[in-house]
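For reference, the sequence and a predicted model appear below.
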Amino acid sequence: MAALSIGDDEYQAFARFLEHACGIVLGDSKQYLVASRLAPLLEAEGIPDLKSLVERLERRPTADLKGRVIEAMTTNETQWFSDSFPFDVLRRHLLPELERQRVWPARIWSAACSSGQEVYSISMTVDEYNDRGGRMEAEVLGTDISAAMIEQAKRARYTANVARRGLSAERQKRFFDEVGENTWEVKQSVRRRTSFRTHNLLESYAGLGRFDIVFCRNVLIYFGYDSRRDIVDRIASVTKPGGYLIVGASESLARHSDKFELVRLDGGVIYRRRD
Ligand SMILES: C[S@@+](CC[C@H](N)C(=O)[O-])C[C@H]1O[C@@H](n2cnc3c(N)ncnc32)[C@H](O)[C@@H]1O
């Protein structure tokens, strides 16, 4: 397919659509990114150019087309135990605190969970906590805007390469079964705590329930200031008083909410819902 050429007007119109649909702010001069991410979709749909796609999205958008455009434009990068800090803090501080408070089971939400690695890493951390004498149980909900990512997360099957990224050989052996050539599946003992559903962080949080701990990592960075504020406020509304919010290593809640206070732990930062 010939390189997609993008004029200023349709670029701005597309950027408006994307921010409205999922919060992602493209910024200026990302034409190359839009062109490379959307080219396969336009070709598959027989849509000649970005202008025609924008017109379709504005005039007669189907949920399917909207979803596929969002999927093409989001970054799904993730790995097991990524950054290690949140999982260490969970094991060393948060699970013991919840056990002392006799919370049973703890409710943990991984918002924007991509293909599930964060959710299963949380469940594996509960097992590792219990190995060291802990007695905790948890329900871990994983959500993402992308239906394709949620399907992948539910399947819990990964190629050997993906199953290894960020995972020690010991954890791979303990928490996975090899179920085919080049295919590893997360064990039922880890999966039993988990559930998944699609959810757009910009839409209603009704029906999610309330959480002791929320992981919302490496997604707020893509959003504009207003969407971040709005999302952090909504997360506060589903976090129990005294519950915790963990964001990505390069993200911060500074200026985004007065509903959480900053807690420094083990050389890093997490946020506690004010009472
Ligand atoms: C970089 S991944 C982060 C995965 C995981 N939290 C981690 O840190 O390893 C970002 C995810 O955010 C999801 N996402 C983007 N916009 C979203 C929205 N408005 N609501 C929910 N999820 C969204 C994307 O589909 C993608 O899977």
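Perfect, thanks for sending it. Residues are numbered from 1 along each chain as shown.

quick one: contacts for residue 227?
Residues touching residue 227, when contacts are defined by Cβ atoms under 8 Å, 6 or more residues apart in numbering, comprise 19, 23, 25, 202. All C-beta spots, glycine's among them, are computed from the backbone N, C-alpha and C.

go on, residue 109?
Contacts of residue 109 (Cβ under 8 Å, 6+ apart): 140, 141, 143, 208, 211, 213, 214, 215, 238.

what do you get if the cut-off is 7 Å, keeping everything else the same?
Counting by Cβ atoms under 7 Å, 6 or more residues apart in numbering, residue 109 makes contact with 141, 208, 211, 214, 215.

The contacts of residue 227, buried ones only, as a PyMOL selection?
The PyMOL command for the buried members of the contacts of residue 227 (criterion: 16 or more other Cβ atoms under 10 Å) is given here:
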select buried, resi 19+23+25+202
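
Would you format the contacts of residue 227 as a markdown table with pLDDT, secondary structure and distance to the ligand included?
Putting the contacts of residue 227 into a markdown table (pLDDT from 0 to 100; DSSP: H, G, I helix; E, B strand; the rest coil; distance: Cβ to the nearest ligand atom, whole Å) gives the following:
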| residue | pLDDT | secondary structure | distance to the ligand |
| --- | --- | --- | --- |
| 19 | 96 | helix | 10 |
| 23 | 95 | coil | 5 |
| 25 | 96 | coil | 11 |
| 202 | 96 | coil | 5 |
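
picking up where we left off before, most widely separated two among the contacts of residue 109?
The span of the contacts of residue 109, defined through Cβ to Cβ, is set by 208 and 215 at 13.5 Å.

So those two - more neighbours on which side?
With other Cβ atoms under 10 Å as the criterion, residue 208 and residue 215 differ in neighbour count, and residue 215 comes out ahead with 27 against 19.

Nearest spatial neighbour of residue 76, chain-adjacent residues omitted?
With sequence-adjacent residues excluded and distances taken as Cβ to Cβ, 6 or more residues apart in numbering, residue 76 is closest to residue 114, at 4.6 Å.

and residue 135, how many neighbours?
For residue 135, the number of neighbouring residues by other Cβ under 10 Å comes to 9.

hmm, I was thinking of residue 190
21.

residue contacts, it?
If you count contacts by Cβ under 7 Å, 6+ apart, residue 190 has them with 120, 123, 124, 127, 175.

now do residue 181
Contact criterion Cβ under 7 Å, 6+ apart gives no residues in contact with residue 181.

next one: residue 23
Contacts for residue 23 were tallied using Cβ under 7 Å, 6+ apart; they are 201, 202, 223, 227.

my read: residue 135 touches residue 98, true?
No: under the criterion of Cβ atoms under 7 Å, residue 135 lies out of contact with residue 98, with a separation of 10.8 Å.

just to revisit the earlier point, as a markdown table, the contacts of residue 190 with secondary structure would be great.
Listed next are the contacts of residue 190 as a markdown table, based on DSSP: H, G, I helix; E, B strand; the rest coil:
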| residue | secondary structure |
| --- | --- |
| 120 | helix |
| 123 | helix |
| 124 | helix |
| 127 | helix |
| 175 | helix |
